[in-house]
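> give me the fold of what follows.
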Amino acid sequence: MILGTPDPVAFSVLGFDIRWYGICIAVGMLLGLIVAYFRAPRFGIKPDKTIDVTLVAILAGVVGARLYYVVFHWDYYGGDFWKIIDLRSGGLAIHGGLIFGTLAAILLCHFIRTDWLDILDLFIPSVALAQACGRWGNYFNQEAHGGPTDLPWAIEVDGEMVHPTFLYESIWCFLLFLLLLAVSRKRRFPGQIILLYGALYSLERFFVESLRTDSLMLGDLKAAMLVSAALFFVCGTAYIILLFRARRRSRIFY
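Residues are numbered from 1 along each chain as shown. Got it, this is the predicted structure:
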């Protein structure tokens, strides 16, 4: 793969650097919001509510992603508030963002009187799309890559050819986005789309994480692999059970 060493800074405004990392994440979020806005009527949700949910979920997701990362690097961040809030230096963990963002969206649904499963099913394809875009920020920061490889699509980081794990996840998440859109058209039960995402994203993340060299660790184990394995089992089992029940009910009422 012919990819040169990128400049993490896209441009500067009045001496303030605008980094590609932030641009990739912002573009992903914007595209996700647009998709959710126009799909909202399919779920019986007013499009304007998608803006409220997006703002709350993004804020909670960024906080959660940062806290999750900081906890695993407390030796470096502990006691230094400014380091903790310095997002421009990188350091966001997607699992923390997903957990906090999802909880915030569910809580908001109580106040806007919207079914939380419908909200999650509506938004989760947009999350996959945002991830597909946002992962390119890791490329510009030269982070979240894998170990050495001689595969033809390897990229060079610090003079070494390595797995472009950001690219693996970006491609998978974009394909997952398309799949979730297709399944949404014939949703069989509330929660089907979020469960399918949970199972399939976790499947990919488990294997891609095994290639990465910068993983958050729990002792000798990679935290993301443990979380992914648990989510794959829980979401996959729930999906199969609920889909079976939905099909059985449809046969009974047929």
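
> all contacts plus neighbour counts: C-alpha atoms, from now on.
Fine.

> buried ones in the longest helix seen in the chain?
Looking across the chain with DSSP state H, the single longest helix is helix 223-253. Buried residues in helix 223-253, counted by 16 or more other C-alpha atoms under 10 Å: 223-225, 228-229, 231-232, 235-236, 238-239, 242-243.

> dump the residues you listed to CSV, plus pLDDT and distance to residue 102.
Below are the buried residues of helix 223-253 laid out as CSV (pLDDT from 0 to 100; distance: C-alpha to C-alpha, whole Å):
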residue, pLDDT, distance to residue 102
223, 94, 19
224, 94, 17
225, 96, 20
228, 97, 16
229, 97, 19
231, 97, 14
232, 98, 17
235, 98, 15
236, 98, 18
238, 98, 18
239, 97, 18
242, 96, 21
243, 95, 22
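
> the closest residue in space to residue 203 that isn't next to it in sequence and residue 103: what is the separation?
Leaving aside its chain neighbours, residue 203 sits nearest to residue 232 (6.3 Å; criterion: C-alpha to C-alpha, 6 or more residues apart in numbering). Using C-alpha to C-alpha, to the nearest Å, we find residue 232 at a distance of 19 Å from residue 103.

> tell me the contacts of the residue nearest to residue 19 when sequence neighbours are not counted?
Residue nearest to residue 19 in three dimensions, not counting chain neighbours: residue 9, with 4.2 Å by C-alpha to C-alpha, 6+ apart. If you count contacts by C-alpha atoms under 8 Å, 6 or more residues apart in numbering, residue 9 has them with 17, 18, 19, 20.

> residues contacting the nearest residue to residue 212 once chain neighbours are set aside?
Spatial nearest neighbour of residue 212, excluding adjacent residues (C-alpha to C-alpha, 6+ apart): residue 146 at 4.0 Å. Shown in contact with residue 146 (C-alpha under 8 Å, 6+ apart): 162, 163, 164, 165, 211, 212, 213.

> so where do the strands sit in the stretch 51-200 of the chain?
For the stretch 51-200 of the chain, the strands defined by DSSP state E, counting those that start in this stretch occupy 155-157, 160-162.

> what lies in contact with the last one?
Same thing as strand 160-162. Contacts for strand 160-162 (C-alpha under 8 Å, 6+ apart): 145, 146, 147, 148, 149, 150, 154, 155, 156.

> just the buried ones out of the residues you listed, please.
145, 146, 147, 148, 154, 155, 156.

> what does the pLDDT read for the last one?
If I follow you right, that is residue 156. Listed pLDDT for residue 156 reads 91.

> just give me the neighbour total for the closest residue to it other than its chain neighbours.
Excluding the flanking residues, the one nearest residue 156 by C-alpha to C-alpha, 6+ apart is residue 162, at 6.2 Å. Each residue near residue 162 was counted by other C-alpha atoms under 10 Å, and the total is 22.

> hey, what's residue 162 bridged with?
Applying DSSP bridges to residue 162 yields these beta-bridge partners: residue 148, residue 155.

> my read is that residue 174 contacts residue 127, right?
No. Using C-alpha atoms under 8 Å as the test, residue 174 is too far from residue 127 to be in contact (10.0 Å).
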